[in-house]
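Enquirer: pasting the structure only:
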DNA sequence: TTCAAAATTTAGATCAATCTAAAAATATAT
DNA sequence: ATATATTTTTAGATTGATCTAAATTTTGAA
């Protein structure tokens, strides 16, 4: 069927198309896959041959229905395995990406279904990202970036935009986890940093943090 | 480090050397890996280059200390994942081999340790095979083939020699699982089939079955 | 609008893992 | 002990995934 390399390309293309709302170009895919544009062109030909993508030379690439199905299933598996690693094996949220990256390619009849049952059908992964269901449907998340909230608004941390270990560890350090209540006290005109209230404690978060933190308002 | 293909060769060599108590020859490895002797020779050169095996042309192959460590770790991971699949996800014992074959190659710091903790340090996998500990030590199993027991001896099923799905399903059908108590009533001179007592019911098992079933005598 | 810069593709290699067919080495049976 | 059979290795290809360097196409700025 599809190789691991092909699957990783499909996932990368899916994410680029989702983010940019247009066909993914070769360089964007190369950057995402940490490889060269030439390698990407080769792979795109193979994926087009298998009708997993629609590829027009020099014009970028999009997923076909079956390519989309493969990518969605991979994201589903990746996020379910992340829930397993954190909730069952006790990993921290910044430690699970690389392992889930491998686990998502494990094939086996009923494996995803049984894992999903075992985990009791989680809707979100440990970073707050939605887990598509078995039919590929996505849960809608009523959340906003901390950067977009008005002063005085309260909410609970519901996800992160950036997934780097260093950012996640920083959040740990300042006592922010999924579900933590947070109130935006004031946004500084000078540098767009924000004063927030976390467990009765006032703290200052940089604009960068506020642009990478999702909050579900209460 | 080592590729998945290399790891699978090391595991195959480990098992052949264990079974035959001598260097594994090319054809035996080819049979185990379901490939050609020529492919095996190629791979042996690469593995010898990496000092994972000791390979003398035309004289067979054995594992070095580091090759042995890799193979043992793979078997440990394979069997731990099988325990996970059966005990946690609810798979049957004849359904888990292929999936564990993939899971054993997943790399990740602390993954095996955390999985082992989560499973509460099982000593045996769902087929009764011993799981080497983190230092590569094997649990000793005081078990004998049903075929080697004397009439009148009672015991509990403790493992299988053959691992095929069809054999395991046959055992399910006749009500034999790990731990099931069984008594050898009589061995027939004619065809070495055995009359056994299982949960008060007498049944006849073929010689073939008796040669593939391990019993821990009481 | 044209031409240089940027993006992309093509050409030609390389590497791991495999194959078939042929050659060489080892084992075995008369 | 020698010839035949078996086992193993070598030679030469192939495939997927990658690379660098060169050629081509597209984009956008003067």
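Expert: Yep, it's here. None of the values given here were measured: they were computed from a predicted structure.

Enquirer: Closest to the centroid, which residue in chain A?
Expert: When chain A is reduced to its mean C-alpha position, the closest residue under C-alpha atoms, centre = their mean turns out to be residue A:129, at 5.4 Å.

Enquirer: Give me the distance between it and DNA strand C.
Expert: Separation of residue A:129 from DNA strand C (C-beta to the nearest atom of the strand, to the nearest Å) stands at 27 Å. (Glycine included, C-beta is placed from N, CA and C.)

Enquirer: could you list every residue that touches that residue?
Expert: Listed by C-beta atoms under 8 Å, 6 or more residues apart in numbering or on different chains, the contact partners of residue A:129 are A:79, A:159.

Enquirer: and chain A, which residues reach chain B?
Expert: By C-beta under 8 Å from any C-beta of the partner chain, the part of chain A that sits against chain B consists of A:88-91, A:95, A:98-99, A:102-103, A:105-108, A:110-111, A:114-115, A:117-118.

Enquirer: Which ones among the residues you listed lie within strands?
Expert: For the residues of chain A next to chain B, membership in strands holds for none, with DSSP state E as the criterion.

Enquirer: Filter those residues down to the buried ones, ChimeraX style.
Expert: Below is the selection syntax for ChimeraX that covers the buried ones among the residues of chain A next to chain B, with 16 or more other C-beta atoms under 10 Å in any protein chain shown defining burial:
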select /A:89,91,95,99,102,103,105,106,108,111,114,115,118
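
Enquirer: filter the residues of chain A next to chain B by proximity to DNA strand C?
Expert: Among the residues of chain A next to chain B, none lies close to DNA strand C by the criterion of C-beta under 7 Å from any atom of the strand.

Enquirer: out of the residues of chain A next to chain B, which are inside helices?
Expert: Secondary structure from DSSP state H places A:98, A:99, A:102, A:103, A:111, A:114, A:115, A:117, A:118 of these in helices.

Enquirer: Pull the most distant pair out of the residues you listed.
Expert: In these, two members sit farther apart than any others by C-beta to C-beta. They are A:98 and A:117, at 25.4 Å.

Enquirer: I'd say residue A:159 and residue A:123 touch.
Expert: No - between residue A:159 and residue A:123 there is no contact, the gap being 11.7 Å when judged by C-beta atoms under 8 Å.

Enquirer: So between those two, which is more surrounded?
Expert: residue A:159 (21 against 13; other C-beta atoms under 10 Å in any protein chain shown).

Enquirer: show me the contacts for the more buried one.
Expert: For residue A:159, the contact set (C-beta under 8 Å, 6+ apart) comprises A:124, A:127, A:128, A:129, A:141, A:143, A:178, A:213, A:214.

Enquirer: repeat that with 7 Å
Expert: Residue A:159 is in contact with A:127, A:128, A:129, A:143, A:214, counting by C-beta atoms under 7 Å, 6 or more residues apart in numbering or on different chains.

Enquirer: With residue A:25 instead?
Expert: By C-beta under 7 Å, 6+ apart, the contact list for residue A:25 reads residue A:60.

Enquirer: quick one: it and residue A:38, what's the gap?
Expert: Applying C-beta to C-beta, to the nearest Å, one obtains 14 Å for the distance of residue A:25 from residue A:38.

Enquirer: what's the answer for residue A:160, then?
Expert: Using C-beta to C-beta, one obtains 34 Å as the distance from residue A:160 to residue A:38.

Enquirer: For residue A:144, grab phi and psi.
Expert: Geometry field for residue A:144 lists phi and psi as phi -140, psi 160, criterion degrees, to the nearest 10.

Enquirer: I should have written residue A:24 there, sorry.
Expert: Summarising the backbone geometry of residue A:24 under the convention degrees, to the nearest 10, its torsions are phi -80, psi 130.

Enquirer: Is the nearest residue to it once chain neighbours are set aside in a helix, a strand, or coil?
Expert: The shortest distance from residue A:24 to any non-neighbouring residue, by C-beta to C-beta, 6 or more residues apart in numbering or on different chains, is to residue A:16 (3.9 Å). Of the three states, residue A:16 takes helix under DSSP: H, G, I helix; E, B strand; the rest coil.

Enquirer: Counting neighbours, what do you get for residue A:16?
Expert: 21.

Enquirer: same check, this time on residue A:94
Expert: Close neighbours of residue A:94, defined as other C-beta under 10 Å, add up to 18.
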